[in-house]
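1. I would like to see how this sequence folds:
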Amino acid sequence: MRTQRADHCPRPSARTGPTTKEWSEAESGSPSLYASWGANRQTCENEPEDPIIRYCSPEEKNRGCSAKESERFSIKIDTQGLSVTFVDARVSDEGCYVVSYIDVDDNAKEKLFNVTVHGVVRDSERVEVKSGEHVTLFVKTPGNVSKVKLQKSCENEPEDPIIRYCSPEEKNRGCSAKESERFSIKTDTQGLSVTFVDARVSDEGCYVVSYIDVDDNAKEKLFNVTVHG
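-> Sure, this is the predicted structure:
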């Protein structure tokens, strides 16, 4: 059995709410869907052992394949291809997915999908501090948040955050925390704060605090930081 992986990575997108997202692949087989949370958006590197959903043909069931169902995800196949659909797209659905299947020639194949869910709420604030002081970027939130990251640049968002916080639930999904010597994140039921010490002129600029709130909504707050000499 040979395994082939598509050399391209489609980027389906959806809006939060009662929407349906569907992927199609023009070959039939015995497909499974995997989500790789926190993986590189171009590769789906950290594939978990357990699939979200799995379909097994009668022949594959005789070989020991065990089907797995899901309330939100479904698989449909016919002679034209296969499709994986999930309903009610949420921000937590963002990430890289792998559709793995065995085609009619008994070849194992995969297709990667990077899913982006739109619907982010954005706010902004200006912060002024003196050189050498501590800087705190505060965001009021109704309850604990599950993920927080800080990035510098409000227009051309960099790939790597300066610092990232992941709740235990997000870590189970593959979220990878990132620490920093000068920056720290603190969260509680009242809000979240990002603090960095010893403000420098080079720290001036626009920062984005991105987070997921208790209702699983992705939100952002922009801070324009000015450091006076």
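2. Remind me which helix or strand Glu125 belongs to.
-> Using DSSP states H and E, Glu125 maps to strand 121-130.
3. how many degrees apart are the following helix or strand past that strand and strand 121-130 in direction?
-> Helices and strands here follow DSSP H and E; after strand 121-130, the next one along the chain is strand 135-140. Orientation check (axes from the mean of the first three to the mean of the last three Cα atoms, to 10 degrees): strand 135-140 against strand 121-130 gives 150 degrees.
4. In strand 135-140, which residues are buried?
-> 135, 137-139 (16 or more other Cβ atoms under 10 Å). Every C-beta, even on glycine, is put in place using the N, C-alpha and C of the backbone.
5. what about Glu60, which SS state?
-> helix (DSSP: H, G, I helix; E, B strand; the rest coil).
6. Residue numbering should commence at 35 henceforth.
-> Yes, from this point I'll number from 35; that puts the last item at Glu94.
7. hang on, it packs against Ile136?
-> Yes: using Cβ atoms under 8 Å, Glu94 is in contact with Ile136, at 7.5 Å.
8. Looking only at neighbour counts, state which of these two leads.
-> Ile136 (22 against 16; other Cβ atoms under 10 Å).
9. so the more buried one bridges to which residues?
-> Beta-bridge partners of Ile136, counted by DSSP bridges, are Ala142.
10. now it: how far from Glu144?
-> Applying Cβ to Cβ, to the nearest Å, the value for Ile136 to Glu144 is 11 Å.
11. what about Ser210, how many neighbours?
-> Ser210 has 12 nearby residues by other Cβ under 10 Å.
12. Could you check how far it is from Pro195?
-> 10 Å.
13. Ok, Ser104 next?
-> Distance from Ser104 to Pro195, by Cβ to Cβ: 30 Å.
14. which of those two has more neighbours?
-> Just comparing Ser104 and Pro195: by other Cβ under 10 Å the higher neighbour count belongs to Pro195, 18 against 14.
15. Ala101 is in contact with Lys95, correct?
-> Yes: between Lys95 and Ala101 there is a contact under Cβ under 8 Å: 7.3 Å.
16. What does Leu237 show for phi and psi?
-> Slight slip there: residue 237 is Asp, not Leu. Backbone geometry at Asp237, expressed as degrees, to the nearest 10, gives phi -80, psi -10.
17. For the closest residue to it other than its chain neighbours, list each beta-bridge partner.
-> Sequence neighbours aside, Val261 is the residue nearest to Asp237 in space, at 5.6 Å (criterion: Cβ to Cβ, 6 or more residues apart in numbering). Beta bridges link Val261 to Val163 when assigned by DSSP bridges.
18. Hmm, Ser227 is touching Tyr199, no?
-> No: look at Ser227 against Tyr199 with Cβ under 8 Å: they stay out of range, at 11.0 Å.
19. what residues do these two have in common as contacts?
-> Both Ser227 and Tyr199 are in contact with 219, 221, where contact means Cβ atoms under 8 Å, 6 or more residues apart in numbering.
20. Between these two, point out the one with more neighbours.
-> Each of Ser227 and Tyr199 has its neighbours counted (other Cβ under 10 Å); Tyr199 has more, 23 against 17.
21. Just the element for the more buried one, please.
-> strand 197-200.
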